[in-house]
Every structure is written in C-alpha cells, then in structure tokens.
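Student: from the sequence below, what's the structure:
(2 chains)
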Number of protein chains: 2
Amino acid sequence: MREAVVGIDVGGTRVKATLVTPEGQVLAETVHPTPQSVGDRLGQVASEALTELTRKAGGPVRVLAVGLVVPGLVDDVNGIGVWSANLGWTDLDLRGSVAAHVEVPVAVGHDVRAGLLAEHRLGAAREADNVLFVPLGTGLAGAMLSRGRLVTGSRWTGEIGHVVVVPDGPLCGCGERGCLEALASAGAIGRRWSQATGLVGDAEEVARRAAGGEPEACRVWQEAVDALASVVAPVVAAAGTELVLVGGGLARAGDTLFEPLRAALRARLGRRADVAVEAAALGDRAGSLGAATIALDLVGR
Amino acid sequence: MREAVVGIDVGGTRVKATLVTPEGQVLAETVHPTPQSVGDRLGQVASEALTELTRKAGGPVRVLAVGLVVPGLVDDVNGIGVWSANLGWTDLDLRGSVAAHVEVPVAVGHDVRAGLLAEHRLGAAREADNVLFVPLGTGLAGAMLSRGRLVTGSRWTGEIGHVVVVPDGPLCGCGERGCLEALASAGAIGRRWSQATGLVGDAEEVARRAAGGEPEACRVWQEAVDALASVVAPVVAAAGTELVLVGGGLARAGDTLFEPLRAALRARLGRRADVAVEAAALGDRAGSLGAATIALDLVGR
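Tutor: As a prediction, this is how the structure comes out:
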C-alpha cells in the first residue's frame, strides 16, 4: 500500500490540505473556507481532510502522520497555538485537539516556518542553507534557516511584521502605528493606496500602476519596499543570510517588487554582494507542503 | 597533572591570552600589545602565550588545545581569517599558522561569537538560550544564540556594524556612510561629539556629559541608541531573541545606556515585553574566555 502524510494549513480564510508521499509526490489536495470558530473544530477539520484526501487519492493509502500549521504565535515544541488574532485563539492545545480525532502521530508548526522547510526541500531554497523567508500576504511574518536548521527562539520568533519602522506611521491591526505589516503587507499596500487616491484596488492593482509610473502608486510601493529593506537588512547581516526568499501574493509582482527591493537592500548592506533576493516557488501551497514536511520529519521519513 | 586549554584573543590593539581548566577555572592570564604584521606571526604569538601562561600557572599543566579568536570576517569551520581591516589580512589560514607552532589541536573562531559562547557558559547569558550579543567597542559586530546554538551563516555573519541606518550619514571606516558602526560604536560616539563641540573626549566622556544633560552629548548619545535599536529590533523579532546582551566599553555607561536603549527597543517591538536588555559580565575577557571555550569544545571537554 502507498504511504503518505497529510499536511493541513489552517489560514485566516482558507484551509488547505495535501496528501504527500515520503518522496514528495502530491497525491491529492483540498481547499475549503475556514469554518467559523475553527479553534473548536480542529479535530473535525483534520479528520475530514484525511478522509477526503485519501478518497481523492484513488486507491488505498496508509497515512503515517498529520502535520498542522497555523499563523500567529506558535509554540512548535509543545504544539500550542499561543495566539492568533485572525483565528481568535489563545493558548490552544493544537496537537491535542487534532490527536483526539486521528489515529496517527500529529506534528504542529508555524505556517511560515514550515513553509520555509518546504521551500528548502522542494522549492526555491533547495540550494541554500542560510535563508530568510518573507511571505508578503495579508499579514507579514518571517522565518530563518541557519546552516539548514530553522532558527527558533521565543514564541515571538518571526514576528517581524510588528517591528515599528515608521514612528507615528499608519495604524496597524495590532493597535500600534508604523509596524512593517502596516506598510509592506499586501493588505496595507492596497489600503494605503486606496486611502491616498480614493480609488478601490488591491496590492496587485498598485503594483500594476507603480510599474506604469503612476506617482501615488510609486510612492506607496517604494515606501513598502524601503520599510521591508530596513527590517530585512539587519536580519541578513546578523544571521549571515545568503538568500532572501519572498513569497505570498506580492511576489507575483515580479520585477516591480524585486528590482527596487534588491536596490534597497544593496543600499543598506554596503559591500556585501552575496545576498540573493528571489521569489519563493511553492506559492500558497508552501503552508500545506510545510505541514506535510513536519509530519514526515516527525515519523523520520 | 592539571589539564587546561589556552584561549587567545588577537585584537586590533592587544593580544589577550588565558589558561583555563575544563571546570572554568582561570589559572593564568597575559596581555600584550598586538605586534606589527601579526598575521605573519600568529604561530609565534601562540607558542609564546602557551609558554608564558604555563610558567605563570605555577606548577605543571598539560595543555589540551589552543583556541584562537579574531575580529572581522571569519570562516569558523575552515579556520580562515577571511578579512580584517584592523589586522590587515585577507584569506589567512589561521588554524594552519598556529598549528605549525603548537603540538595540540587548534580551534579558530570569531571574537564576538566565541565571546557569546563564554557569556553563555560562564557569564551573563547562563540562563538564556535565545540571545543577541552586541559588544560596543571600537568596532561593532553581533552574535546570536538560538536554543543555545550559535547562529552562523555566510562569512558575513554578525556584521551588523555595516548595516546602513542613516543614508548619507556620517562616514564609516568601511567607506560607506551612515553605517551603524559610524553612529553607535564607542569610537564613533567620541568622534562625533568631538566634531560637534571641538572638545576632546571619548565615549566615556560623552556618556558622563549625556548623563549630566549636556545637549550636544545627549544628541550624539540618543542618535547612537536609536541607530542601535533600529538594527537590534528586527533581529530580535526575526530570531525570537529573549536577551540582548550589551558588552564592550560602552556597557560600562550603565543606566545612561541601558535606560534609553530599553525604551528605544520597547518603542520598536510593540507589545513584546519579554525582551531583556542586560550588560555582559565578562568585559574584555569575553574574547579570550571564548577562545578557551571553543578549544574545550574541540577536545570534548
């Protein structure tokens, strides 16, 4: 019988799940809207994903383990969802919630850190061991590899989105002003441009208009890039990062993002010419593939 | 016979050496001016330190290993001094230079990274596993522990002193403008204050005058603190750092430094209240004790 693991990425709007073999082959995938009060229903979400994925795989599959990844503050070691604004939980026993509903071992992780592991095994960071991964989506967090190992410290690890880069800057969802996330997340870019112009549009629209040279779009875009570089440069310097991997929706802007970002980082890193800035490869599947990766690690496969 | 290792810290102005037992007892120490062209004489420096230290220890000592630490860019794994402006070398085989003159194993490391290991074993970071160490001396570099392990990436690891924090700011020794080191190193603080006032004085003098409320001293001091916080905050956020350990000469300024630095970090880290900022404990012995630490690690003691 084929063997595989289930990776589940519970996000603010969607739950993505994937069934992956130890060799990295994806046998099936599912996407559903995130249910209301998902924190109370994680076991059900996991067992339904498991059933649906194995059915879709077309043929018998032995599931070895389940990996679950979530955003926010996560205690990877103890499997606790410490805090998530979007999903509305505090100190939730993620591992226990899922383990009660499935009959295989359960690994728990942070969506961005697990996503970086997946990029390292299967994606755009296969050749690099010293990596900073920054997915720019609705929110903004980061994850780091040093010599191929995840850097993890306190439960606040990776929360670069709430570093204040512009004192008294735009209001952030967290209540502070001038956080990186309030300037450089996809959500912030769309919002700031709409506020400035009175027009309706998302970050993709701003990217298109910035590429076309529209002044307000260029200003909002460049402020986002500068804010991002001011946070990324110190991290790259401290950790000896060789590859900055940018993911999330914004990475689809391509050179409209990467050219000014590379220039802004060069301006802040002086002589160093050894830092590459590249697009992530796994897109919005990084989380679920990352969840599968930590599940494989858990069972030594 | 007693057993011990020799730790040697070759700095821009002085060579400090120490003889330390596996239990952490210091049997002897020496300090000498750094000789001219020290890069060509490392083997001699090491063998003389070994002889002098064992003589001073008063009684027979079996030396198990030698540790050598240097500033600049260091390839710890291969034992190469990649580059040092102060010591004037490029791609120097540090390990080979020393190994040819001593009959025990030789460990090579970076002065700040090794210093952090010593602070972790013997000093102010004994209780913390997620640490950022920033010695503020003539120069400025950093080192990081994540879950008790050194974070090391490319050979540029730790070079936070050359992150540009103020575009078109004061000229740095590296040739760029506005580097952190050109604003927040002890050397820069004294220099900037002297330029502003026409008076002669070092960072210690500026600290004293800032504590007394003198406007020019306060301005230079606060600009140094803000520059430092703008680089430290992103690193703390990315790595989940719990303890920022400040060493070097500037740490002797005590609360004149620590109070505004804590405030500046709080202002940049939003809700996080879990980041301690403390003075390092080993002072200018961190490097030589760090060299002894990597020597002990090399021989499994």
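
Student: all helices of chain A, in order?
Tutor: A:42-56, A:94-99, A:111-122, A:181-184, A:186-197, A:203-211, A:215-239, A:255-269, A:286-298 (DSSP state H).

Student: reformat those helices as CSV; add mean neighbour count, mean pLDDT and distance to chain B.
Tutor: For every residue, glycine as well, the C-beta is placed using N, CA and C. Below are the helices of chain A laid out as CSV (neighbours: other C-beta atoms under 10 Å in any protein chain shown; pLDDT from 0 to 100; distance: least, C-beta to the nearest C-beta, whole Å):
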stretch, mean neighbour count, mean pLDDT, distance to chain B
helix A:42-56, 19, 97, 24
helix A:94-99, 21, 97, 18
helix A:111-122, 27, 97, 10
helix A:181-184, 27, 96, 10
helix A:186-197, 20, 96, 15
helix A:203-211, 21, 97, 21
helix A:215-239, 24, 98, 4
helix A:255-269, 18, 96, 5
helix A:286-298, 28, 97, 16
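
Student: got TSV for those helices, with distance to A:Ala128 too?
Tutor: Shown next, in TSV, are the helices of chain A (distance: least, C-beta to C-beta, whole Å):
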stretch	distance to A:Ala128
helix A:42-56	31
helix A:94-99	29
helix A:111-122	8
helix A:181-184	23
helix A:186-197	24
helix A:203-211	26
helix A:215-239	12
helix A:255-269	16
helix A:286-298	15
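
Student: just give me the neighbour total for A:Leu92.
Tutor: Counted by other C-beta atoms under 10 Å in any protein chain shown, the residues lying close to A:Leu92 total 21.

Student: hang on, I meant A:Pro22
Tutor: When neighbours are defined as other C-beta under 10 Å, A:Pro22 has 15 of them.

Student: which residues touch the closest residue to it other than its chain neighbours?
Tutor: Leaving aside its chain neighbours, A:Pro22 sits nearest to A:Arg301 (4.1 Å; criterion: C-beta to C-beta, 6 or more residues apart in numbering or on different chains). Counting by C-beta atoms under 8 Å, 6 or more residues apart in numbering or on different chains, A:Arg301 touches A:Glu3, A:Val5, A:Pro22, A:Leu64.

Student: between those residues, which has the most around it?
Tutor: With neighbours defined as other C-beta under 10 Å, the most crowded of these is A:Val5; it has 28 neighbours.

Student: ok, and the closest non-adjacent residue to it?
Tutor: Once flanking residues are discounted, A:Val5 sits nearest to A:Ala295: 3.9 Å by C-beta to C-beta, 6+ apart.

Student: how about the contacts made by that neighbour?
Tutor: A:Val5, A:Val6, A:Gly7, A:Leu64, A:Ala65, A:Val66, A:Gly67, A:Pro105, A:Ala107.

Student: next one: A:Val231
Tutor: A:Val231 neighbours (C-beta under 8 Å, 6+ apart): A:Ile160, A:Val163, A:Val165, A:Leu180, B:Pro234, B:Ala237.

Student: farthest-separated two in the residues you listed?
Tutor: Spanning the widest gap among those are A:Val165 and B:Ala237, at 10.9 Å by C-beta to C-beta.

Student: now stretch A:240-254: average pLDDT?
Tutor: On average, the pLDDT along stretch A:240-254 is 95.

Student: tell me, how many residues neighbour A:Gly213?
Tutor: By other C-beta under 10 Å, the residues close to A:Gly213 number 8.

Student: mind checking pLDDT for it?
Tutor: Looking at A:Gly213, its pLDDT reads 97.

Student: got it, and A:Arg271?
Tutor: At A:Arg271, pLDDT is 69.

Student: one more: the one 5 residues further on?
Tutor: For A:Ala276, the pLDDT comes out at 96.

Student: ok so, going back, what about the contacts of A:Ala295, which are in strands?
Tutor: Counting by DSSP state E, these place A:Val5, A:Val6, A:Gly7, A:Leu64, A:Ala65, A:Val66, A:Gly67, A:Ala107 in strands.

Student: ok, those residues vs chain B, which is closest?
Tutor: For these, the minimum distance to chain B (C-beta to the nearest C-beta) is 17.7 Å, reached by A:Ala107.

Student: is that closest one bridged to anything, and to what?
Tutor: A:Gly67 (DSSP bridges).

Student: which ones are touching the residue in the stretch 201-301 of chain A that chain B sits nearest to?
Tutor: Closest approach between the stretch 201-301 of chain A and chain B, counting by C-beta to the nearest C-beta: A:Gly240, at 2.6 Å. Under the criterion of C-beta under 8 Å, 6+ apart, the neighbours of A:Gly240 are A:Asn130, A:Ser146, B:Val151, B:Thr152, B:Gly153, B:Ser154, B:Arg155, B:Trp156, B:Thr157, B:Gly158.

Student: pull the contacting residues for the second one.
Tutor: Okay, so that is A:Ser146. Contacts of A:Ser146 (C-beta under 8 Å, 6+ apart): A:Asp129, A:Asn130, A:Ala239, A:Gly240, B:Ser146, B:Val151, B:Thr152, B:Gly153.
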